[in-house]
Each structure stands twice: as structure tokens, then as C-alpha cells.
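Asks: How does the following fold in three dimensions:
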Amino acid sequence: MPISHAEPITLTCPACGTSHTADIWLIVAPDERPDLVEQIRNGTLHTATCPQCGQTHTPDAPLLIFRPTAASPILFSPAQQTTSEQDQQHAAALIGILRQHLGAAWNDAWLAQGPAVVPRPMLLVALTDDPAAALQELAARMQQTLDELRQRDPEAFAMLEAAAQQAMAALQAADRSPDEAPESAATADASALIQALERDQKLTSRIEPIQEHCDRTKIKKGFA
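Replies: Here you go, the predicted structure:
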């Protein structure tokens, strides 16, 4: 049985209002499906295309990554507009599905310390062999997003900039050993901006608005 797992959900196109279904990947095993890992890296794993008008949109869905030989075999990346309680339910449900797919191959030791929780923006870093380079790439993406936001919504930009400055101050004030210090200004900027974005979901939604109505009945049924 394949380890990677997708479920069909019903979406409403934000452009033309057409209702359509799309298979959304909820569990990815990189060794089995390296093509899905590439989609995670380029941000298209959960992108759906309307069959009527061709408009693309992205439903808010959780994701579980299974890497049995990694230091953290199970990574859980929560959906971005859910509560902590919903995140716990989603993680438990996806781990249950993973157990079923693996059968006798399941190893309880993989959850000895629980699943590692990774915010969606940090998946790029978690799935790379060169975290420093990944953080620099993330910093470049963040800078591009900020430049666009500065032009589109100066008020939101000012709020986000203030939050990022607070995060940077917290990082600088933290008691770190040399090995724990950021390797460059770019990596520090990326970490601070990610923390700021994760801390303020309202600003996150203003930067990347997803104007759709997602019927997640089938996903919720799978997470029961």
C-alpha cells in the first residue's frame, strides 16, 4: 500500500464560483514520492486549478511528512487558519492513517517524543540538506513579499515590520551559544520574519489572501 495519502475535497472557485473537487495531499513520504517534495518546496503541493476557468487557488490543509530514517521521522505542518485543538485532531488523525498504511512496519519509537511540529513556511528548511541556504532563500522570498506588501498595503507593512523588529530583538536578547547563533544576517532576518508572520495570522492572510470557500467535509470525515 502506498504511504503517501491524498483525499478529495470540494472547492468553490473564487473567480467563477464553480464547484469542483481536487485531490489534496495530506501525507507525503519523500522516499516514495520525491515529486511531491518538489511541489512542497515550490509551494504548489496544495494548489488546485478550476476546471472551468483555470484559476488556481490553495485550500488550507494540514500536512504530515514521513521520513523513517531522519532524526525526526514524523513532521506535522498544521493548516494555517486552524485552532490548536483542531491541529491536535488533524495530527492524530493523520498519524492514524499513516499507521494503517504501514501496518506491521509501524514503529512506536517514531513517536517517542511526539511528532515534530513545523510551521508551513519552515518546511523548506526542514526538508533540505542545507538549512542555511534554505533560510537565505526563504529570506529572499520574504523580502519580495514585503516589497509587494509595502506597495499594496503600507499599513499592514508597517505592522509586520514592527512585529519583525520585535522578533529580531528577542532573538538578539536570547542567551545563545556560538553554535546556536544564526549563520548570517539573512538567516536571522528569515527567522524573525517567519516568527512574526506565524504570530500574527491576520497579517499573514493579508499578505496571501485566499478568497475561496472550501468545503472540507471529506477531510473532516477523514480526521474524525
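Asks: Going by C-alpha atoms from here, please, whenever you check contacts or count neighbours.
Replies: OK.
Asks: May I see the buried residues of the helix or strand containing Leu102?
Replies: Assessed by DSSP states H and E, Leu102 sits inside helix 84-102. By 16 or more other CA atoms under 10 Å, the buried positions in helix 84-102 come out as 87, 90-95, 97-99, 101.
Asks: Repeat that for stretch 30-38.
Replies: Buried, per 16+ other CA under 10 Å, within stretch 30-38: 30, 36-37.
Asks: again, but for stretch 12-24
Replies: Neighbour-count burial for stretch 12-24 flags 12-14, 19-22, 24 (criterion: 16+ other CA under 10 Å).
Asks: one step back: after the helix holding Leu102 comes which helix or strand?
Replies: With secondary structure assigned by DSSP H and E, helix 84-102 is succeeded by strand 116-117.
Asks: Neighbouring strands - and their directions - for that following strand?
Replies: strand 74-77 (parallel) (DSSP bridges).
Asks: residues in contact with the strand it pairs with?
Replies: When contacts are defined by CA atoms under 8 Å, 6 or more residues apart in numbering, strand 74-77 is touched by residues 62-68, 91, 110-111, 115-120, 123.
Asks: For whatever helix or strand Thr145 lives in, the averaged confidence score.
Replies: Using DSSP H and E, Thr145 sits within helix 131-152. Helix 131-152 carries an average pLDDT of 70.
Asks: if I look at Gln39, how far off is Leu111?
Replies: According to CA to CA, to the nearest Å, Gln39 and Leu111 sit 26 Å apart.
Asks: Domains in this protein, by residue range?
Replies: 5-120+210-222, 131-207 (automatic domain parsing).
Asks: need the least confident one among the ones you listed, by mean pLDDT.
Replies: Note on the domains of the chain: lowest mean pLDDT is at domain 131-207, with a mean of 60.
Asks: need the next SSE after the lengthiest strand in the chain, C-terminal direction.
Replies: What stands out as the longest strand in the chain, according to DSSP state E, is strand 19-28. Counting by DSSP H and E, the element after strand 19-28 in chain order, helix or strand, is helix 34-41.
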